[in-house]
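Novice: Output the structure for:
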Amino acid sequence: MSVHPVMDQIEAYCQKEGLRLTPIRRRVLELIVVADKPIKAYDLLDQLKVEHPGAAPPTIYRALEFLLAHHFIHRIETLNAFVSCVHPENPHEGQFLICNRCHQVVEIEDKVLNERLSQAAQSEGFTPSHQVLEIYGCCDDCQDG
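Specialist: Numbers count the residues shown, from 1 in each chain. Purely as a prediction, here's the structure:
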């Protein structure tokens with residue numbers, strides 16, 4: 001058993017699909033999965049250097065590209081940071097609720113919303129390549145605090 005159940009799902013998916021989850025890719029994924037909020041590439045690099053002193057920015061960016069390409073993580077565009085996908089077995093466009101105070105991110109997946117946004121774009125003669133919807137506000141914990 002891994003550090004988190006999502007790691008087990010991703011490892012099984014990689015094995016089934018013949019994808020190479022190298023030790024560096026796996027470690028970067030673990031760091032993202034256990035992070036308590038979105039994490040930036042250079043923060044990942046700093047953590048990785050503790051175990052792999054020779055790690056450099058291309059090391060992180062190659063791992064992130066692989067993880068993003070296979071939908072194991074999401075990039076929070078406005079923060080330029082990364083979070084683990086809560087449904088890695090099901091590639092999708094996610095929507096993210098981001099707390100202004102504590103910076104927690106909650107992923108929601110609303111297929112109807114995705115379809116409506118795509119339809120609205122197409123009605124304007126626009127063909128979307130991907131969607132990232134980030135909604136900022138205040139989470140329940142911060143509202144109560």
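Novice: from here on, contacts and neighbour counts on C-alpha atoms
Specialist: Will do.
Novice: any idea which helix or strand carries residue 135?
Specialist: Secondary structure from DSSP states H and E places residue 135 in strand 133-137.
Novice: in that strand, what counts as buried?
Specialist: By neighbour count on 16 or more other CA atoms under 10 Å, the buried set for strand 133-137 is residue 134.
Novice: How about stretch 96-107?
Specialist: Judged by neighbour count using 16+ other CA under 10 Å, the buried positions of stretch 96-107 are 96, 97, 98, 99, 103, 105, 106, 107.
Novice: And these, which is closest to residue 138?
Specialist: Closest approach to residue 138 among the buried residues of stretch 96-107 (CA to CA): residue 99, at 4.7 Å.
Novice: Check the spacing between that closest one and residue 90 real quick.
Specialist: As judged by CA to CA, to the nearest Å, residue 99 and residue 90 stand 25 Å apart.
Novice: tell me the average confidence for stretch 87-104?
Specialist: Here stretch 87-104 scores 83 as its mean pLDDT.
Novice: contacting residues around it?
Specialist: The contact list for stretch 87-104, computed with CA atoms under 8 Å, 6 or more residues apart in numbering, reads 6, 9-10, 13, 36-38, 70-73, 105-110, 114, 130-139, 142.
Novice: What residues sit buried inside the host helix or strand of residue 32?
Specialist: Under the criterion of DSSP H and E, residue 32 resides in helix 23-34. Neighbour-count burial for helix 23-34, counted by 16+ other CA under 10 Å, picks out 24, 25, 26, 27, 28, 29, 30, 31, 32, 33.
Novice: Might you report the residue contacts of the fourth one?
Specialist: By CA under 8 Å, 6+ apart, the residues touching residue 27 are residue 48.
Novice: Would you mind measuring from it to residue 34?
Specialist: From residue 27 to residue 34 the distance is 11 Å (CA to CA).
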